[in-house]
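**Q** Following is a predicted model, sequence given first.
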Amino acid sequence: MKPAMCQDLLLLFCTRSIRLFAFGLVSVILVFFLTTLGFTTVQVGWLLTLTLLGDAVISLVLTTRADRWGRRRTLIVSGLLMAFAGATAVCTANFWMLALAMTVGVISPAGNEAGPFLAVEQAALAHLVEDRRRTHFLAWYHVAGFLSTAAGVLVGGTLSGWWQKLGVTALASYERLFWLYIGVGVLLVVLPGLLSSAVEVDSKKVKPGLGMVAQWSGLHESQPVVFRLSALFALDALGGGFIVQSVLAYWFFLKFGASNLELGGLFFATNILSGISALIAVPLAKRFGLINTMVFTHLPSNLILMAVPLMPDFHLAAGLLLVRHLISQMDVPARQSYVMAVVSPAERSAANGVTATVRSLGSALSPVLAGRCLAIPSLISLPIYLAGGMKIVYDLLLYRSFRHVKPPEETKPGS
C-alpha cells in the first residue's frame, strides 16, 4: 500500500475515533442534561426524535451528493454541523432553539455514529483497499469507533459525577462536557482537509442522474439492491431506536437507581465488548459468509436483550447486557462490508447515505414512544421488549431475502 494511502487510512481512523469519543461523551448524560434543563421525558423523547430525523435528512442531502461534490468537502461540512449543535446546547435552554439545533446539527443520542460522517468515510475506506481486505479494515474501523465511544462514555460519566461531588452543579458539569464536544467538532473541520485525492471517486465514473429517483438518491445501477436492503435496515433501526444509549442509561436509573459513575462504567464495558465482537466477525465472515454472520450472531443477541428487564437487580441486568454486547455488534462490520460489496464503487457514498438515512429515520420514530413509556412506571421496560422483537423479525427477513446474493469475494475461486 502506498504511503499516501496509509496516511489516508490513518486519518480516517483518527477522525472516526475522536468523533465517537465525543458522541460517547455526551450520550451518557444527554437525557440527564435535558431533564436538568426542566424538560419532561416526553419532551426529551421529541428532542431525541428530532435529532435522529435531522441527522437522517442532513445525511441524505450530503451523502447522496458526496461522490459528485467531493468526499473531503462533505466531511468538513459535517464537522461544522457537529460544532454548531454543541454550541447551541450550551447557549440556550429554549426548547424550540434546542429542537432546531438538534435537528440541523449533529448529536448522537445513542453514542454511535450520527450524521453524514460514516457513509462518506466508509466509501473512502472501501475505495482505498482491496475487496478481500475490505471486511478486515471495516472491522478495525468499527473497533476504533467502539473503543472511542467506550472511552467517551467512561470519561463523560466519571467527569460529570466527579465534578458534582466537588460542588459543581449538575447542569454546569454537563455543559463542560459539551464544550469538549464543540472542540472535537472544530477538529473535524480541519482534519478532512489533510486527506489526499485518493479518497475521491473519479468524477468521470459518477453518472449524471437520469430520472427523479436517481437524481434524489445518487443511485443508478445499484438502486434495486440498495432499496431492498434499506427497507430491512429501517426495521432493524426502528427496534434499535427504543434502546439508544441515552434511553437505556435512563432506564437503568429509573429501574435500579444507577448513578452516573455506574452508568459510565457499564457503557464503557459494553462498548469495549462491542469492539471485540466486531473483530470476531472477520474470521466468521470469511468462513461462513457475510449474510450468515450478520443473521446468526444478531438473533441470539436480541433474545438476550429481551431477558435484561427480567433481572432482579442492577448487577445481574448489567451483566446480561454485557453478555449481549459480546455478540451484538458482529453483524455491523459484516453489514457495512456487504453494502460496499454489492453496489457500484462510484455509488458507495450514495448507497451508504441512503441506507444510513433510512436507519436514522427508522430509529427516529422510536424515542418518542420510548419517552412516553419511561413516563409510566408499569411500561418502562416495554421499549426493550419492542427492540428485541423487531430486530428478530429483521434477522429472519434479511436471511430469507439475501442469503443467495453473494459479494465478489465469496464468488471468486478459492474464496
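**A** Received the coordinates, thanks.
**Q** now Asp395: how far from Arg335?
**A** 11 Å (Cβ to Cβ, to the nearest Å). (C-beta placed from N, C-alpha, C; glycine too.)
**Q** My error: substitute Gln7 in the last question.
**A** Here Gln7 is placed at a distance of 27 Å from Arg335 (Cβ to Cβ).
**Q** Next one, pLDDT for Ile182 please.
**A** Ile182 is assigned a pLDDT of 93 by the prediction.
**Q** shift numbering so it begins at 12
**A** Sounds good: first residue 12 from here, last item Ile193.
**Q** Is it in a helix, a strand, or coil?
**A** helix (DSSP: H, G, I helix; E, B strand; the rest coil).
**Q** Tell me which residue is most central in this structure.
**A** With distances taken as Cα atoms, centre = their mean, the chain has Glu124 as the residue nearest its mean C-alpha position (3.0 Å).
**Q** show me what contacts that residue?
**A** The neighbours of Glu124, taking Cβ atoms under 8 Å, 6 or more residues apart in numbering as the test, are Arg30, Leu31, Phe34, Gly156, Ala367.
**Q** Quick one: buried ones out of those residues?
**A** Arg30, Leu31, Phe34, Gly156, Ala367 (16 or more other Cβ atoms under 10 Å).
**Q** from those, which is closest to Leu177?
**A** For those, the closest approach to Leu177 (Cβ to Cβ) belongs to Phe34, at 25.6 Å.
**Q** before we move on, the earlier item: in helices, which of the buried ones among the contacts of Glu124 fall?
**A** Secondary structure of these is defined by DSSP state H; positions in helices are Arg30, Leu31, Phe34, Gly156, Ala367.
**Q** still on that earlier bit, compare Gln18 and Arg346 (neighbour count), which wins?
**A** Neighbour tally, Gln18 and Arg346, criterion other Cβ atoms under 10 Å: the higher count belongs to Arg346, 22 against 14.
**Q** Helix, strand, or coil at that one?
**A** helix.
**Q** ok, now how distant is it from Thr366?
**A** Arg346 sits 9 Å away from Thr366, going by Cβ to Cβ.
**Q** Touching both of the two, which residues are there?
**A** Residues touching both Arg346 and Thr366 comprise Phe244, with contact defined as Cβ under 8 Å, 6+ apart.
**Q** Let me see the ranges of the helices in the stretch 262-411 of the chain.
**A** 271-299, 301-318, 325-339, 342-352, 359-385, 393-413 (DSSP state H, counting those that start in this stretch).
**Q** Not counting stretch 387-397 itself, show me its contacts.
**A** 250, 253-254, 258-259, 262, 265-266, 316-317, 319-320, 377, 380-381, 383-385.
**Q** please redo it, this time with the cut-off set to 6 Å
**A** Residues external to stretch 387-397 that are found in contact with it (Cβ atoms under 6 Å, 6 or more residues apart in numbering): Phe253, Leu265, Met317, Pro320, Ala381, Cys384, Leu385.
**Q** and the second one, what does it touch?
**A** So the one you mean is Leu265. Leu265 makes contact with Ile391 under the criterion Cβ under 6 Å, 6+ apart.
**Q** residue contacts, Leu86?
**A** Contacts were defined as Cβ under 6 Å, 6+ apart; by that measure Leu86 touches Val131, Pro203.
**Q** next one: Val343
**A** For Val343, the contact set (Cβ under 6 Å, 6+ apart) comprises His153.
**Q** That one and Ala150: what is the separation?
**A** Note on Val343: its distance to Ala150, by Cβ to Cβ, is 9 Å.
**Q** Quick one: closest of the helices of the stretch 262-411 of the chain to Thr114.
**A** Comparing these by their distance to Thr114 (Cβ to Cβ), the top pick is helix 359-385, with 10.3 Å.
**Q** how about that closest one: buried residues?
**A** In terms of neighbour count (16+ other Cβ under 10 Å), helix 359-385 has its buried residues at 359-382, 384-385.
**Q** Kindly report the same for stretch 164-178.
**A** If you call a residue buried by 16+ other Cβ under 10 Å, then stretch 164-178 has these buried ones: Val164, Leu165, Val166, Gly167, Gly168, Thr169, Leu170, Ser171, Gly172, Trp174, Gln175.
**Q** Just the residues you listed: which are in helices?
**A** Going by DSSP H, the helices hold Val164, Leu165, Val166, Gly167, Gly168, Thr169, Leu170, Ser171, Gly172, Trp174, Gln175 from the buried residues of stretch 164-178.
**Q** what residues are up against the first one?
**A** To tie it back to what came earlier, the one meant is Val164. Taking Cβ under 6 Å, 6+ apart as the definition, contacts of Val164 comprise Gly35, Val39, Gly275, Phe278, Phe279.
**Q** can you tell me how far it sits from Ser285?
**A** Distance of Val164 to Ser285, computed by Cβ to Cβ: 11 Å.
**Q** Same check on the second one?
**A** Counting by Cβ to Cβ, the gap between Leu165 and Ser285 amounts to 14 Å.
**Q** buried sites along stretch 262-273?
**A** Neighbour-count burial for stretch 262-273 flags Trp262, Phe263, Phe264, Lys266, Phe267, Ala269, Asn271, Leu272, Glu273 (criterion: 16+ other Cβ under 10 Å).
**Q** With pLDDT and distance to Phe106 added, can I get these in CSV?
**A** Listed next are the buried residues of stretch 262-273 as CSV, based on pLDDT from 0 to 100; distance: Cβ to Cβ, whole Å:
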residue, pLDDT, distance to Phe106
Trp262, 92, 23
Phe263, 92, 26
Phe264, 90, 22
Lys266, 91, 27
Phe267, 92, 29
Ala269, 88, 27
Asn271, 76, 24
Leu272, 79, 29
Glu273, 86, 29
